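**Q** Could you look at this predicted model? Sequence included:
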Amino acid sequence: MKKIIVLLCVVFFTALFSGGINAERIFFANGDGTRKEIALTFDDGPGLNTKAVLEILKDKEVKATFFLLGESIEKMPHLVKEIYDDGHEIGNHTYNHINFYESEIKSEKDFEDLKEAMSDEIIKTQELIETITDYRTRLVRFPYGYMRPAAIKAARENGYRVINWSFGTDWKPGWSWRDLLNQYYKNAKPGAVFLMHDLSKSTRLIKMLPELIEKLKTKGYDFVTVSELLNFVEKKEKEPRQEYKQEEVKTEPVAEPETQSEIKAEIETVPEAESETESDTELNPEAGIIHELKLASQNETAPESETEPQTTQLYAY
Ligand SMILES: [Zn+2]
């Protein structure tokens, strides 16, 4: 056990500092909060909800980031082109949506094999995206927010940054669109990265999304891509970006409780396989790496709880 912990730490530090002590951070779950900006992200697509999501984003003049899954791209390649042509950012969500938390790492070879498997997953999807759009993304989000040392290393070796999220809950069964609206609204903060899904048809997401965008715009939020939020690129904009000054961010509910019939209708459209877990990141973006070390030293085998969707209130931010 001790040996494995030491091994993981050594490998991780090697990966982290391979470019020198000031090696660039490659794991992110939110922006630094200096501007009142939010990045909307959509995972697992393109899929049955992509078209409707694109229409809303176009209507509201909002740019988002789509973390595309290789096997979904194969089924609906034309939608990848549409996402790209609409000016949204594209990220890599691997090819097969493998749950890497189930991989056991008991030796250095296990670690290398896992890293190689993750690398293959990235490259396969990268090639698909490039074939369709000629665009090479540098953002990867591993399924279920996996971000242990093998993921960080696989990403780094392929020139990627690992992007998780600060809040997401659209897969939760039994919640109405108004429940979702309230949850996302409540968890809006400068620098937030919201996770949503566009693979399966979900009328509740489609009902909630325009309302959420409007409510947050009213609160003074601007919507940006992940790369803009994290300052990897300059935002394409007409007006200068405003520094965010501490101010009151009210979290009052924005919608009335749902009626029973509406709830039933929504439940029927809940996607089945949307089991993305909450990102297990710290609130402070700077703590991401530290948290990773904690994970490495605590869990050399996949913990069950991290592969299950949260059933209680997800943390804010
Ligand atoms: Zn996913």
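**A** Noted; the coordinates are in hand.
**Q** Run through the helices of the stretch 1-150 of the chain in chain order.
**A** With DSSP state H, counting those that start in this stretch applied, the stretch 1-150 of the chain shows helices at 2-17, 50-60, 70-75, 77-85, 108-133, 149-157, listed in chain order.
**Q** Packed most tightly, which of those would that be?
**A** Highest mean neighbour count of those: helix 149-157, a mean of 24 (counted as mean count of other Cβ atoms under 10 Å). To be clear about C-beta, it is placed using only N, CA and C from the backbone, and glycine gets the same treatment.
**Q** okay, and for the stretch 151-300 of the chain, where does confidence drop off?
**A** 237-242, 245-300 (pLDDT under 70).
**Q** rerun that using 90 as the cut-off
**A** Applying pLDDT under 90 to the stretch 151-300 of the chain picks out residues 234-300.
**Q** Any idea which of the helices of the stretch 1-150 of the chain gets closest to the ion?
**A** The ion lies closest, by Cβ to the ion, to one member of those: helix 70-75, at 9.6 Å.
**Q** which helices and strands does the closest one pack with?
**A** helix 108-133 (3 or more Cβ pairs under 8 Å, 6 or more residues apart in numbering; DSSP states H and E).
**Q** Go again with 10 Å.
**A** helix 77-85, helix 108-133 (3 or more Cβ pairs under 10 Å, 6 or more residues apart in numbering; DSSP states H and E).
**Q** and those as CSV, adding distance to the ion and mean pLDDT?
**A** Output for these, formatted as CSV (distance: least, Cβ to the ion, whole Å; pLDDT from 0 to 100):
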stretch, distance to the ion, mean pLDDT
helix 77-85, 16, 98
helix 108-133, 12, 97
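**Q** Tabulate those (JSON lines), appending distance to residue 243.
**A** Output for those, formatted as JSON lines (distance: least, Cβ to Cβ, whole Å):
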{"stretch": "helix 77-85", "distance to residue 243": "31"}
{"stretch": "helix 108-133", "distance to residue 243": "33"}
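**Q** Residue 167 is nearest to which of the ones you listed?
**A** In terms of Cβ to Cβ, the element of the helices and strands packed on helix 70-75 nearest to residue 167 is helix 77-85, at 22.2 Å.
**Q** and stretch 156-174, C-alpha only, in PDB?
**A** Only the C-alpha atoms of stretch 156-174 are listed here, as PDB (Å, rounded to 0.1, in the frame of the first residue of the first chain):
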ATOM      1  CA  ARG A 156      -0.200  16.600 -20.600                       C
ATOM      2  CA  GLU A 157       1.500  14.200 -22.900                       C
ATOM      3  CA  ASN A 158      -1.100  15.000 -25.600                       C
ATOM      4  CA  GLY A 159      -0.900  18.800 -25.000                       C
ATOM      5  CA  TYR A 160      -4.300  19.000 -23.300                       C
ATOM      6  CA  ARG A 161      -5.700  20.700 -20.200                       C
ATOM      7  CA  VAL A 162      -8.200  18.800 -18.000                       C
ATOM      8  CA  ILE A 163     -11.400  20.700 -17.600                       C
ATOM      9  CA  ASN A 164     -14.000  19.700 -15.000                       C
ATOM     10  CA  TRP A 165     -16.900  21.700 -13.700                       C
ATOM     11  CA  SER A 166     -18.000  23.600 -10.600                       C
ATOM     12  CA  PHE A 167     -21.600  22.600 -10.800                       C
ATOM     13  CA  GLY A 168     -23.900  20.300 -12.700                       C
ATOM     14  CA  THR A 169     -27.100  18.500 -11.900                       C
ATOM     15  CA  ASP A 170     -29.100  18.000 -15.100                       C
ATOM     16  CA  TRP A 171     -29.000  14.200 -14.900                       C
ATOM     17  CA  LYS A 172     -30.800  14.000 -11.600                       C
ATOM     18  CA  PRO A 173     -34.000  12.000 -12.000                       C
ATOM     19  CA  GLY A 174     -37.200  13.300 -10.600                       C
END
